[in-house]
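Chemist: Build me a model:
(chains A and B)
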Protein chains: 2
Amino acid sequence: MPPAAILFDAYGTLFDVYAVTALAEAHFPASGESLAQLWRLKQIEYTQLRTLADPDRRGHYKPFYDITLDALRFCANKLGLALSAQAESELMGVYERLDAHPDVLGTLTELKKRGIPMAILSNGNPAMLETMVAANGLTGIFDDILSVDTVRAYKPHPASYTLGTDKYGAKAADIVFVSSNGWDAAGATWFGYNTFWCNRAGLPLEQLDATPKRIGKGLADLAHYLDELK
Amino acid sequence: MPPAAILFDAYGTLFDVYAVTALAEAHFPASGESLAQLWRLKQIEYTQLRTLADPDRRGHYKPFYDITLDALRFCANKLGLALSAQAESELMGVYERLDAHPDVLGTLTELKKRGIPMAILSNGNPAMLETMVAANGLTGIFDDILSVDTVRAYKPHPASYTLGTDKYGAKAADIVFVSSNGWDAAGATWFGYNTFWCNRAGLPLEQLDATPKRIGKGLADLAHYLDELK
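Modeler: Numbers count the residues shown, from 1 in each chain, chains lettered A, B, ... in the order given. The predicted model follows:
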C-alpha cells in the first residue's frame, strides 16, 4: 500500500549543510571545512539542548535562524577565528539558500507524479525553509512545509514529529519519513514512522535501538523503496 | 551566605573522561585520541537524544553504562576500528574507574571542612558512580550521590536537576552547582542554580543565553568563589 504521505527532513536530507564550506574557506583559509563541520554539529546540539531543558516548551525555544547564528559565533570563537560582521552576514546568507543535493529536483519531480502528498518536516523556521525551497526551484513540489517552529519543540521531541501525523490524519506507521541524519531517523523510528534513512555520508548505524525500516544512499533508493510499497 | 549545598557533576568535572586515551591508543595505535574524544561526544549525544525523544520518560531511557557501551561501539564502527570483546571489556573497565582530576582530592577534602553538604549529581548510574568514587579514595567526601537514574531523565532535562533541590529542600539559587561541561553549566543555569563553570578545557562560553554565575579554570577557583559567598 502506498504511504499516506512522504515527509522529508530538510537540512542534510534535501539541502547540503556543507554548502557553506567554500565561503567559509574564503574567509578563513585552511579553516573552512572545520568551521562548516563544527557549525553544523553545534547547531544541532543547541536545538536539542534548548528543547531537552524545556520539555513543557515554556521558555528556552529560539527559532532555528537565531540558533544557527549562535552556533556560528561559538564555533568561530572555538576555532579562534575573528568573525567580522560582514563574514557573519555572508555565511548566514548562504545558510538561508543552501544548495539542494543533486538528486533532489529530479527524484522529487518524479515522485510528485505518484500523487502521494509530500511535505517537509524540519527544524528550520518557516521563512528559512520557504526561501531555500524557492531558491532551489522546488516551489510546487511540496504540499506542505511543516516547521517545528509552530510547536516550539526541536526534533526528536515527539511534538515535532506529531506535526506530520496531525497534518495527514494518518498513523505514523503509514507515513514514510525520510532523513539523512542518523539521530533524526532514530527519532522518527521511535515515534513510529516508516523511516527511510538516506545515509548520504555512509555512516554506521546509530546504536540507539531504533533501526530505520530501510537504509539507502540517496533519494534514488527511496524511489525504489516506494515502488516496493505500491 | 554560604550555599545550602554544593553539587558536583561527575564526568569531566571530577573525573577525567579522557583517562581512557592511553588504553585506547594501546589497542588502536594512532586512533586512541580520536576514539576517546568521539566516544565522549557520542555518549553525551545518546543521553540527550533518549531523554529528548521521551520527555514523559516512558520508554527510551537506558542506564549510562549501557549508553556508554553503545557509544563506544558506534565510534569504533565510525573510525573503522575492529573492537574485540577484550578491547571493549578493557575500555569499559577503565571507564568505570576513571581517574579523578588532580585538584579533586585536595580541594574537596578542604571544602568538606566547611560543613556545607556536598553531593554528586550525575548522569552516571549509581553503580558506576560508587565504583569511581571508591577507586579514587573519595569515600566519605560526599553526603549524597544523586543519579539521574532514579528519575530516568538525563541532563539538562529539569527532572535531573530537581534531584538536588528536592534532596536539600532548598531553592536552586541557594545551591552551588559545579560542572566542567558547558552544556551542563547552561542547563543548571537555566534551572536556576548558582552555577560555577569549571572550564578545565578553556573553551569559549556556550551561546545559549545562560551565563554561569562564575567561571574558573579548576576547583581552586571554586574554593575562592565559596569564600566570597561566606
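Chemist: Give me the residues contacting stretch A:99-109.
Modeler: Residues from elsewhere that reach stretch A:99-109, judged by CB atoms under 8 Å, 6 or more residues apart in numbering or on different chains: A:13-16, A:19, A:118, A:136-138, A:141, A:200, A:218-220, A:222-223. In this view, the C-beta of every residue, glycine as well, is placed from N, C-alpha and C.
Chemist: Those also near chain B: which ones?
Modeler: By CB under 8 Å from any CB of the partner chain, no member of these lies near chain B.
Chemist: Relative to chain B, which of those residues is nearest.
Modeler: Using CB to the nearest CB, the shortest approach to chain B within the contacts of stretch A:99-109 belongs to residue A:200, at 14.9 Å.
Chemist: So the closest one sits against residue A:217, correct?
Modeler: Yes: distance between residue A:200 and residue A:217: 6.9 Å, which falls inside the contact criterion (CB atoms under 8 Å).
Chemist: What about the contacts of stretch A:99-109, which are in strands?
Modeler: Among those, DSSP state E puts residue A:118 in strands.
Chemist: Sort out which of the contacts of stretch A:99-109 are buried, if you could.
Modeler: With neighbours counted using 16 or more other CB atoms under 10 Å in any protein chain shown, the contacts of stretch A:99-109 contain these buried positions: A:13-16, A:19, A:118, A:136, A:138, A:141, A:200, A:218-219, A:222-223.
Chemist: Format those as CSV; extra columns: distance to residue B:108 and pLDDT.
Modeler: Conversion of the buried ones among the contacts of stretch A:99-109 to CSV gives the following (distance: CB to CB, whole Å; pLDDT from 0 to 100):
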residue, distance to residue B:108, pLDDT
A:13, 47, 98
A:14, 51, 98
A:15, 49, 98
A:16, 49, 97
A:19, 49, 95
A:118, 58, 98
A:136, 56, 98
A:138, 58, 98
A:141, 60, 98
A:200, 47, 98
A:218, 54, 98
A:219, 55, 98
A:222, 55, 98
A:223, 60, 97
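Chemist: Could you list the domains of chain A?
Modeler: With domains defined by automatic domain parsing, chain A comprises A:5-15+A:99-228, A:17-95.
Chemist: Tell me how far the longest one lies from the chain's centre.
Modeler: Relative to its parent chain, domain A:5-15+A:99-228 has a centroid offset of 7 Å by CA atoms, centre = their mean, to the nearest Å.
Chemist: Okay, now it: how far is its last residue from its first?
Modeler: 15 Å (CA to CA, to the nearest Å).
Chemist: which stretches of chain A form helices?
Modeler: With DSSP state H as the definition, chain A shows helices at residue ranges A:21-27, A:32-52, A:64-79, A:85-95, A:104-112, A:126-135, A:158-168, A:182-191, A:219-228.
Chemist: Which stretch among the ones you listed is buried most, on average?
Modeler: helix A:182-191 (a mean of 26; mean count of other CB atoms under 10 Å in any protein chain shown).
Chemist: now that one: mean pLDDT?
Modeler: Mean pLDDT, taken over the full extent of helix A:182-191, equals 98.
Chemist: What of stretch A:58-67?
Modeler: Stretch A:58-67 carries an average pLDDT of 94.
Chemist: what about it and chain B, touching?
Modeler: Yes: judged by CB under 8 Å from any CB, stretch A:58-67 and chain B are in contact via A:60, A:62.
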